[in-house]
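A.B. asks: coordinates only, sequence not included:
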């Protein structure tokens, strides 16, 4: 138990240090959630020892649905090369499922901070081949690019209204214009260090956040709960 706890703390420390290097203020909202979760879990594990509690037997009475899941686990175990040669009891399968879930979800901030619907979707995406995942990524990025282009098209006027003073609309030069690109050099989203490239990356991140928030709002309207 002590070795497991030490390994878990080591993993969380690496995750925290990786995010720390970026700087908290530069993290995306998702990364901030992961960082905060990792800090809280690290503190919890440091201050609590599971071995200090008295162990006791837990009796589990299965219903038809749980028996069906257990049957599928037995089939998966029998066909899995790593487990098929091992003798695993019914209780052992429950222990394996518990351990697998904790290591895959609870101790992984990037998974633990997702609501159950997003977590299931992530696992579905990981089932896809590398080519399918690459295509899915490219399509999502293309959608974000099209949205970015639409935003720029909307802002292609030479001057934009900035404020109203004494019932008069005051305008200012559009920050994204053809003249600016000609003067400062051609910029594309492929030049990550360029103004346009960094603007697109920031826009794409916010677009994904807004898309996720909108999905959650739609789920709430439909009566679905999000585990935030």
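C.D. replies: Right, received. Where do you want to start? Only a predicted model underlies this, so the values are computations on that prediction, with no experimental measurement involved.
A.B. asks: Of all the residues in the lengthiest helix in the chain, which ones are buried?
C.D. replies: Criterion DSSP state H: the longest helix present in the chain is helix 195-221. Of all the residues in helix 195-221, those buried under the rule 16 or more other C-beta atoms under 10 Å are 196, 199, 200, 203, 204, 207, 212, 215, 216. Heads up, the C-betas are built off the backbone N, CA and C, glycines and all.
A.B. asks: ok, so of the residues you listed, who is nearest residue 143?
C.D. replies: Closest approach between the buried residues of helix 195-221 and residue 143, by C-beta to C-beta: residue 207, at 8.5 Å.
A.B. asks: Verify the contact between that closest one and residue 144 for me.
C.D. replies: Yes - with contact defined as C-beta atoms under 8 Å, residue 207 reaches residue 144; the gap is 5.1 Å.
A.B. asks: how many neighbours does residue 63 have?
C.D. replies: Using other C-beta atoms under 10 Å, residue 63 is surrounded by 7 other residues.
A.B. asks: what's the answer for residue 41, then?
C.D. replies: 19.
A.B. asks: and it, what element?
C.D. replies: Assigned by DSSP states H and E, residue 41 belongs to helix 29-47.
A.B. asks: Could you name the helices and strands sitting against that helix?
C.D. replies: For helix 29-47, the elements it packs on are helix 2-22, helix 109-112, judged by 3 or more C-beta pairs under 8 Å, 6 or more residues apart in numbering; DSSP states H and E.
A.B. asks: if you skip the residues just before and after it, what's nearest to residue 88?
C.D. replies: Distances taken as C-beta to C-beta, 6 or more residues apart in numbering place residue 77 nearest to residue 88, at 6.1 Å, with adjacent residues excluded.
A.B. asks: Neighbours of that neighbour, how many?
C.D. replies: Using other C-beta under 10 Å, residue 77 is surrounded by 16 other residues.
A.B. asks: What strand or helix carries it?
C.D. replies: Using DSSP H and E, residue 77 falls within helix 64-79.
A.B. asks: mind listing what's buried in that helix?
C.D. replies: For helix 64-79, by 16+ other C-beta under 10 Å, it's 70, 73, 77.
A.B. asks: Let me know which of the helices and strands packed on helix 29-47 is tucked in deepest.
C.D. replies: Comparing these by mean neighbour count (mean count of other C-beta atoms under 10 Å), helix 109-112 comes out on top with a mean of 18.
A.B. asks: Name the next helix or strand following that helix along the chain.
C.D. replies: Counting by DSSP H and E, the next helix or strand C-terminal to helix 109-112 is helix 116-127.
A.B. asks: That following helix packs against which elements?
C.D. replies: helix 130-154.
A.B. asks: hmm, 10 Å instead?
C.D. replies: Helix 116-127 sits against helix 109-112, helix 130-154, helix 195-221, with contacts defined as 3 or more C-beta pairs under 10 Å, 6 or more residues apart in numbering; DSSP states H and E.
A.B. asks: Make JSON lines from the ones you listed and add distance to residue 45 and mean pLDDT to it.
C.D. replies: JSON lines is the format used below for the helices and strands packed on helix 116-127 (distance: least, C-beta to C-beta, whole Å; pLDDT from 0 to 100):
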{"stretch": "helix 109-112", "distance to residue 45": "13", "mean pLDDT": "88"}
{"stretch": "helix 130-154", "distance to residue 45": "32", "mean pLDDT": "71"}
{"stretch": "helix 195-221", "distance to residue 45": "28", "mean pLDDT": "78"}
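A.B. asks: Can you say which of these is nearest to residue 61?
C.D. replies: Taking C-beta to C-beta, helix 109-112 is the member of those nearest to residue 61, at 28.8 Å.
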